[in-house]
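**Student:** no sequence for this one, just the structure:
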Ligand SMILES: Nc1ncnc2c1ncn2[C@@H]1O[C@H](COP(=O)(O)OP(=O)(O)OP(=O)(O)O)[C@@H](O)[C@H]1O
Ligand SMILES: [Mg+2]
């Protein structure tokens, strides 16, 4: 697993956190900041990132209440989407030396399907390792805030509410606790950022963390291919 990560010449950075924590808002700013600094960046998201994976995303977000998606089906669909994404988009970009910024990745599976839906964490980790062929993020930022604040932001925002937005607050609290537990276990890879602040403050902290971290990896900007 480690050896595969080291082989990749690029850097793999993921943003995680509960609904409405600001991942999609912040990832755009981060990508712009890194591109401005001269890095080659690929911005992507999960579930999604390839046409097959985006089709799976639609199934997950719009499934009919008349045929509830079981937790196991949900996990397997997400992992299938991830397998396509890693194989066709993420790994090739890393092999080309790019910085890959991904809005949600494996930690969301552990937090939502493991902590939230009570699926066995060890099974999820093993199945995830098959889906990713052992690829793990090099750096993960967890945008943390009370779930009531995140859900209120989502409801006030323009996007339509999806199947997961409509889950109970209790479910989302379990997910939040999941992210915090995962970060406590892997403090070198995962950094918790307080997202319960104005977006520009979150943006400043994220930029400082990521730009400093990228520089420490001695990953030189390459303006041309
Ligand atoms: N720091 C902030 N303060 C207030 N509102 C914010 C902040 N960051 C983002 N928002 C707003 O909150 C809403 C949700 O933000 P965003 O879509 O970035 O969150 P997300 O983490 O990607 O959510 P999801 O998990 O549902 O994809 C948007 O309407 C966005 O404009
Ligand atoms: Mg989002």
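**Tutor:** Now that the structure is in, tell me what you want to look at. Note that this is a predicted model, so its numbers are computed, not measured. Ligands and ions are numbered 1, 2, ... in the order given.
**Student:** list the contacts of the closest residue to ligand 1 within the chain.
**Tutor:** Closest to ligand 1 within the chain is residue 157: 2.8 Å, counting by Cβ to the nearest ligand atom. To be clear about C-beta, it is placed using only N, CA and C from the backbone, and glycine gets the same treatment. Contacts for residue 157 (Cβ atoms under 8 Å, 6 or more residues apart in numbering) come out as residue 20.
**Student:** what about the strands in the protein?
**Tutor:** With DSSP state E as the criterion, the chain has strands at 11-17, 41-45, 99-103, 139-144, 190-194.
**Student:** now the longest one, how far from the chain's geometric center?
**Tutor:** When distances are taken as Cα atoms, centre = their mean, to the nearest Å, strand 11-17 is centred 5 Å away from the chain's centroid.
**Student:** so is that strand next to ligand 2?
**Tutor:** No. On the criterion Cβ under 5 Å from the ion, strand 11-17 is out of touch with ligand 2, staying 8.9 Å away.
**Student:** quick check: can you name the pairing partners of that strand and their directions?
**Tutor:** In the sheet, strand 11-17 lines up against strand 99-103 (parallel), strand 139-144 (parallel) (DSSP bridges).
**Student:** which of the ones you listed sits most buried?
**Tutor:** Highest mean neighbour count among these (mean count of other Cβ atoms under 10 Å): strand 99-103, with a mean of 25.
**Student:** give me the mean pLDDT for that strand.
**Tutor:** For strand 99-103, mean pLDDT rounds to 98.
**Student:** report the distance from it to the chain centre.
**Tutor:** The answer for strand 99-103 is 8 Å, by Cα atoms, centre = their mean.
**Student:** stretch 112-126 now?
**Tutor:** Relative to the chain's own centre, stretch 112-126 is displaced by 16 Å; criterion: Cα atoms, centre = their mean.
**Student:** does that stretch reach ligand 1?
**Tutor:** No. Stretch 112-126 is not in contact with ligand 1 by Cβ under 6 Å from any ligand atom; minimum separation 10.4 Å.
**Student:** renumber starting at 49 from here on
**Tutor:** Fine by me, first position is 49 from now on; the one you just mentioned is stretch 160-174.
**Student:** can you pull the buried residues of that stretch?
**Tutor:** Across stretch 160-174, burial judged by 16 or more other Cβ atoms under 10 Å covers 160-165, 167, 169, 172.
**Student:** ok, back up a step: how about the strands of the chain in JSON lines, adding distance to ligand 1?
**Tutor:** JSON lines is the format used below for those (distance: least, Cβ to the nearest ligand atom, whole Å):
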{"stretch": "strand 59-65", "distance to ligand 1": "6"}
{"stretch": "strand 89-93", "distance to ligand 1": "8"}
{"stretch": "strand 147-151", "distance to ligand 1": "7"}
{"stretch": "strand 187-192", "distance to ligand 1": "6"}
{"stretch": "strand 238-242", "distance to ligand 1": "10"}
